[in-house]
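Asks: output the structure for:
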Amino acid sequence: MTNRTRRGGNEKVVITGIGGNFGRAVARRLHRHYDVIGIDRRTVRHMPKDIDIEQVDIRRRRVEDVFRREHIDAVVHLNIMHDPRTRQDEHHHFNIVGTQKIFGLCAEHRVPKVIVLSSANVYGPDPTNDQFLTEEAALMGGQNFEAIRDLIALDMFCNTFFWRHPEIETVILRPAHIVGRVNNAPSKYLRLERPPTIMGHDPMVQLIHVEDVVTAIERALIPGIRGVFNIAGPSPVPLSFILDELGRNPRPLPEPVLRMMLKTAWALKMSDWPVPELDHIKYVCMVDDSLARSKMGFEHHFEIEDILRDVEKEPRPW
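Replies: Numbering: from 1, shown residues only. Prediction:
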């Protein structure tokens with residue numbers, strides 16, 4: 001196996017949130033080299049036969065059975081709710097309590113490695129941002145966006161866990177906008193035939209292919225890797241360039257008009273984009289990923305042309 005040190009035998013890796021498009025992509029890659037155990041409260045389909053699936057909510061006591069029964073070598077925690085339409089209390093309870101449960105079990109059962117997928121969105125788009133934000137930048141993404149506050153709280157909890165449990169290699173990944181065969185907000189926006197834009201604003205945007213984020217997780221599994229890492233793909237490009245390359249016909253609108261339209265569409269459940277999402281097509285939020293490249297040996301493989309080609313394709317069951 002290239003670029004990976006094995007501890008001997010078949011290492012067991014638990015993937016939480018394995019039932020989503022991204023979770024399936026991670027499982028499809030990791031099962032080639034690890035014994036994969038998937039945890040998800042949803043029904044999980046289209047999985048390789050050698051992957052064990054536990055259909056259980058990560059907040060429930062029954063999830064501990066997995067840790068008692070198996071000797072776990074690593075946990076990849078992806079089971080984080082991002083649906084902005086979910087009630088905030090449920091959103092908070094699932095993300096924070098669920099993460100605390102999984103990390104508590106890792107500490108109790110001496111799991112040597114924990115990887116959590118955060119997001120560069122925790123930094124927040126802002127006109128005062130540095131051109132490229134390092135891992136030391138303040139997490140300001142929740143100022144105007146309530147849904148990001150949970151992600152920031154989760155990120156900070158993982159940071160605290162990192163210092164409280166130095167015996168566990170904790171890795172926090174903060175990728176730029178993930179696009180490709182996934183159904184997240186950036187991919188959905190780029191699939192619109194006439195995506196709205198804000199008059200007078202054409203921010204530089206960082207995109208990363210879903211498979212490159214999977215590669216970052218593979219690199220994070222290497223023994224000795226720990227810490228917080230920004231993850232980015234090819235060089236950033238203007239939003240207008242991306243839309244032009246995709247053959248889109250954008251609708252530039254004055255910001256007050258667009259905000260009013262989006263607020264109305266959100267209230268009528270005609271749109272899944274909350275108003276604060278507009279800041280991502282107005283201001284920059286780009287990250288410096290030099291630490292991941294130097295310490296983890298991460299390299300992206302998908303250039304902007306490859307990324308945009310896959311944006312056009314619908315998510316697949318893998």
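
Asks: all strands for this protein, in order.
Replies: For the chain, the strands defined by DSSP state E occupy 12-16, 35-40, 52-55, 74-77, 113-117, 169-175, 177-179, 196-198, 204-205, 207-209, 227-231, 237-238, 251-253.

Asks: name the strands paired with the fourth one and say parallel or antiparallel.
Replies: Looking at strand 74-77 with DSSP bridges, its paired strands and their directions are strand 12-16 (parallel), strand 113-117 (parallel).

Asks: and these as CSV, adding mean pLDDT?
Replies: Converted to CSV, the strands paired with strand 74-77 look like this (pLDDT from 0 to 100):
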stretch, mean pLDDT
strand 12-16, 97
strand 113-117, 97
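
Asks: and of those strands, who's closest to residue 179?
Replies: For the strands paired with strand 74-77, the distance to residue 179 is smallest for strand 113-117, at 15.0 Å, taking C-beta to C-beta. Any C-beta I mention is one placed from the backbone N, CA and C, and that applies to glycine too.

Asks: list the contacts of that closest one.
Replies: 22, 73-78, 80, 99, 102-103, 106, 154-155, 158, 161, 168-173, 175, 213, 217, 220-221, 223 (C-beta atoms under 8 Å, 6 or more residues apart in numbering).

Asks: 6 Å instead?
Replies: For strand 113-117, the surrounding residues in contact (C-beta atoms under 6 Å, 6 or more residues apart in numbering) are 74-78, 106, 158, 168-173, 220.

Asks: over to stretch 257-273?
Replies: Under C-beta under 6 Å, 6+ apart, the answer for stretch 257-273 is 196, 274-275.

Asks: next, count neighbours for residue 189.
Replies: Under the neighbour criterion other C-beta atoms under 10 Å, residue 189 is assigned a count of 21.

Asks: can you pull the pLDDT of residue 257?
Replies: At residue 257, the model reports a pLDDT of 97.

Asks: mind putting the strands of the chain in JSON lines, mean neighbour count and distance to residue 46 included?
Replies: Converted to JSON lines, the strands of the chain look like this (neighbours: other C-beta atoms under 10 Å; distance: least, C-beta to C-beta, whole Å):
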{"stretch": "strand 12-16", "mean neighbour count": "25", "distance to residue 46": "14"}
{"stretch": "strand 35-40", "mean neighbour count": "23", "distance to residue 46": "12"}
{"stretch": "strand 52-55", "mean neighbour count": "16", "distance to residue 46": "11"}
{"stretch": "strand 74-77", "mean neighbour count": "26", "distance to residue 46": "19"}
{"stretch": "strand 113-117", "mean neighbour count": "25", "distance to residue 46": "21"}
{"stretch": "strand 169-175", "mean neighbour count": "24", "distance to residue 46": "24"}
{"stretch": "strand 177-179", "mean neighbour count": "24", "distance to residue 46": "20"}
{"stretch": "strand 196-198", "mean neighbour count": "19", "distance to residue 46": "34"}
{"stretch": "strand 204-205", "mean neighbour count": "18", "distance to residue 46": "31"}
{"stretch": "strand 207-209", "mean neighbour count": "25", "distance to residue 46": "20"}
{"stretch": "strand 227-231", "mean neighbour count": "23", "distance to residue 46": "26"}
{"stretch": "strand 237-238", "mean neighbour count": "14", "distance to residue 46": "33"}
{"stretch": "strand 251-253", "mean neighbour count": "14", "distance to residue 46": "36"}
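
Asks: let me have the ones you listed in TSV, adding distance to residue 144 as columns.
Replies: Output for the strands of the chain, formatted as TSV (distance: least, C-beta to C-beta, whole Å):
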stretch	distance to residue 144
strand 12-16	29
strand 35-40	31
strand 52-55	37
strand 74-77	26
strand 113-117	23
strand 169-175	19
strand 177-179	18
strand 196-198	15
strand 204-205	19
strand 207-209	22
strand 227-231	21
strand 237-238	23
strand 251-253	19
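
Asks: lowest-confidence helix or strand of this protein?
Replies: helix 88-92 (a mean of 81; mean pLDDT, DSSP states H and E).

Asks: gap between residue 93 and residue 197?
Replies: 36 Å (C-beta to C-beta, to the nearest Å).

Asks: then residue 23?
Replies: From residue 23 to residue 197 the distance is 32 Å (C-beta to C-beta).
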